[in-house]
Structure formats: C-alpha cells, structure tokens
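Q: Fold the following, please.
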Amino acid sequence: MDLSLFAVCLVLALAFANGTNDVSKATATLVGSGVTNYRTAIAWGTAWTVVGAILSGLVATAMVRTFSIGLIQPGAVLSPELAVSVLVGAMAWVLLASRFGLPVSTTHALVGAIVGAGLAALGSRGLIWSSISAKIALPLLLSPFLALLLSVLIHPAVRAVAIRWEGSCLCLAPTYRALITVDAHGTTRTLFQTTAFGQPVADVPAQCERAGLRGLTVGLDTIHWFSSGLASLARGTNDTPKIVALLLLGGTLTSWNHSTAQAILFTSVAVAMGLGSFFGGLRVTEVLAEKVTKMDHAEGLSANLTTSSLVLVSATLGLPVSTTHVSSSAIIGIGLLKGIRAVRWTTVRDMVLAWVITLPASGLLACLTYLLLTMRS
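A: Predicted coordinates:
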C-alpha cells in the first residue's frame, strides 16, 4: 500500500479512537445527572461532535499550523515515516486507554508521539522546544486548574438560577380567553387570561400542566442538553485540526493546497470520529458519569459550561488544551464543592495516572514504530 494512503487510513483510525474516548467528556453529565440514558446521550454528543469537526476546517487553521509545522525546526528533512509513526503511537495508546475505560487526552498522545518520533528521526535539535513548552505544555498544564477554578466560580450562579427559575412554557390558549380554577372552598383563581382566542401564552410549566395545556417547555434540562451539545461541538472543533495536521508532516499529503481535498479530509475525519463516538464511547462515559462524583442537573450544566467555554476559546486561539483534562477537572471541581468525600479519589487517581503515562507511552510507541519503519527501508 502507498505510504500516503496508509497515512490517511491511520488518520481515520486515530479519529475513530479519539471518538471512543472523548465523546464522554460532554455527555457524561447528561447521564450522571439523570437527564437521559447512555445511548441517547452518546448519540446526541456524536451528532454535535461531527458538526464541530466539520466546522473546524473553517475556524481552526491556527491549530493545523501548530501541529504540522510549529513544533519542528524549519528546514528539517521530514519523511512520511515520521507522520505514520506519530499516528501509530497516538492511535495505539488512545485505543488501549479506551479499552480499559481510562479518559486520556488525544492531545497529550499526539504531543508525546510527535516528540518521541521526532527525537528518533531528527534528534533533540530537530524540535522547537520553546514552542512545545509555550504552545503545548503550558496550556495543557494550566487548563485542568483553570477548569477546576472556573467550575467552582460558575456553579454557585447556576445553582442560584436553578433554585429561582422553574422554567418557561409557551402554549396556545384554548377557544376561550380565560382559564379559571375553583378550589374546595369555592375560591376562584384565574390561571390564564388573554385578549384574543388562540393567543400564545407563557407561564411556568407547573401552571401550564395545572391548566391542562401543553406546549414548548424550556427549563434547566433543556439548557443542559444544549450545553452538552456545545461542549461536544467544541471538542470536535478542538481535536480535528490536530489529527488532520499530521498528514502535513513530511509532505505526506501533497494535495493539501486544494480546497476540495481539505473539505474531503475534514469531512472524512468527522465521520470517523462520529463512528468511534457512537459505537465505542460507552466505556469511558460510564467512568465519568458514575465513578467520579454524583451530579444533579445544575452541577452537570456547570461542568458543561466550563468545558465548552474553555475549549472553544482555546481552539479559536490555536492553543491545544485537552478536552479530557478540562471536562474531568470541571467535574472534580463540582464534586469538591460538596466536600472532599463527595469525590471518588480512587477513580481520580487512576485518571491522573493515565494522564501522566500518556506522554511517555505514546512517545515510546511512536519512536519504536519509526525505528521499525526505517529499519525495513
């Protein structure tokens, strides 16, 4: 098989692996807070992830530059084997972590693989260590602390709104202009009164139900659904450019300058990521939904708002943060607001251990792959 075609296949495989691990980051709160079941939550996250992945081709060009040319010294001779090695190292580690239900960072895996394969191919002088530390390491290290802090700051405001706001129901009044109730003591109360027949009326859902009306209801659950979708969209926008950029290493994809080729590639990665999310995202979602801390609607909403805001801003600026670290840290922060004992620290320990191991593990796998490829050639 031609090496360029093989690299494209590996990119799609990495996108699939990314979906199996990362769809959980935006959908776990829906399940953990009891809004819906696993299958529906994963399907919802998958749809928004695909949309975000496709949109990333328009808004995340800075991320493509960072991961394709921003980490390796200009003028370095890059072979297609380098891109293949990076892809194999990152993909193998993410798939292995997903198999064991460990929420790891694809961004960390990619960085580790680039460094591991880069050291094997170019030596330490071939890498731009200042860019790796400033553009990669610093955002990755700071993002968990920012997410934890932001979730702690956001949640009291979300909780206050949740307590005071019952939601809103938009209904059509029936063929008479007023609805009146009479209690056991003969006291009457007007629930709805309009100036015209069939006029839309709005009230809290409890009053709509009491009056026997049905209509469009917007409540905390509705906002939670949309926050989950926004976080999934942010995840797709954040991760897709990093994966696509690997095809530019070593001139693996010669037709990149054609807009049609770019559109096809971004769409293909989006579809592969969606397939991985839908068919393989259950295991890691169970960990974040049930084994970190218990959540209610307001807590899940706060975690999603934290994730989506940080990841979207970072993707637009070209700063590669980890959706895994941001989402997990936001959930931990929500748990800490209820007390230290509200967090299952054994699960957190396993997650942090997986985060720490990701860089050297993916780097070692990429390095070994490069050595095997170059030995054969």
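Q: Could you check how far the residue nearest the centre of the chain is from Leu373?
A: Closest residue to the average C-alpha location of the chain: Arg235 at 3.2 Å, with C-alpha atoms, centre = their mean. Relative to Leu373, Arg235 is positioned 31 Å away (C-beta to C-beta, to the nearest Å). Every C-beta, even on glycine, is put in place using the N, C-alpha and C of the backbone.
Q: what about the strand or helix carrying Val313, distance to the chain center?
A: Using DSSP states H and E, the element containing Val313 is helix 297-317. Helix 297-317 sits 9 Å away from the centroid of its parent chain (C-alpha atoms, centre = their mean, to the nearest Å).
Q: what helices or strands is that helix leaning on?
A: Using 3 or more C-beta pairs under 8 Å, 6 or more residues apart in numbering; DSSP states H and E, the elements in contact with helix 297-317 are helix 24-32, helix 38-59, helix 61-68, helix 138-164, helix 220-245, helix 323-337.
Q: Need the winner for burial among the ones you listed.
A: Across those, averaging neighbours per residue (mean count of other C-beta atoms under 10 Å) puts helix 24-32 on top, at a mean of 31.
Q: can you dump the C-alpha coordinates of that one into PDB?
A: In PDB, the C-alpha atoms belonging to helix 24-32 read as follows (Å, rounded to 0.1, in the frame of the first residue of the first chain):
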ATOM      1  CA  SER A  24     -17.800  11.000  27.100                       C
ATOM      2  CA  LYS A  25     -16.400  14.400  28.000                       C
ATOM      3  CA  ALA A  26     -19.500  16.300  27.000                       C
ATOM      4  CA  THR A  27     -22.200  13.600  27.500                       C
ATOM      5  CA  ALA A  28     -21.300  12.100  30.900                       C
ATOM      6  CA  THR A  29     -23.100  14.900  32.800                       C
ATOM      7  CA  LEU A  30     -26.400  14.200  31.000                       C
ATOM      8  CA  VAL A  31     -26.300  10.600  32.300                       C
ATOM      9  CA  GLY A  32     -24.700  11.300  35.600                       C
END
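Q: tell me the angle that helix makes with helix 38-59.
A: Calculated by axes from the mean of the first three to the mean of the last three C-alpha atoms, to 10 degrees, helix 24-32 forms an angle of 150 degrees with helix 38-59.
Q: how far is helix 24-32 from where the chain is centred?
A: Here helix 24-32 shows a centroid-to-chain-centroid distance of 10 Å under the convention C-alpha atoms, centre = their mean.
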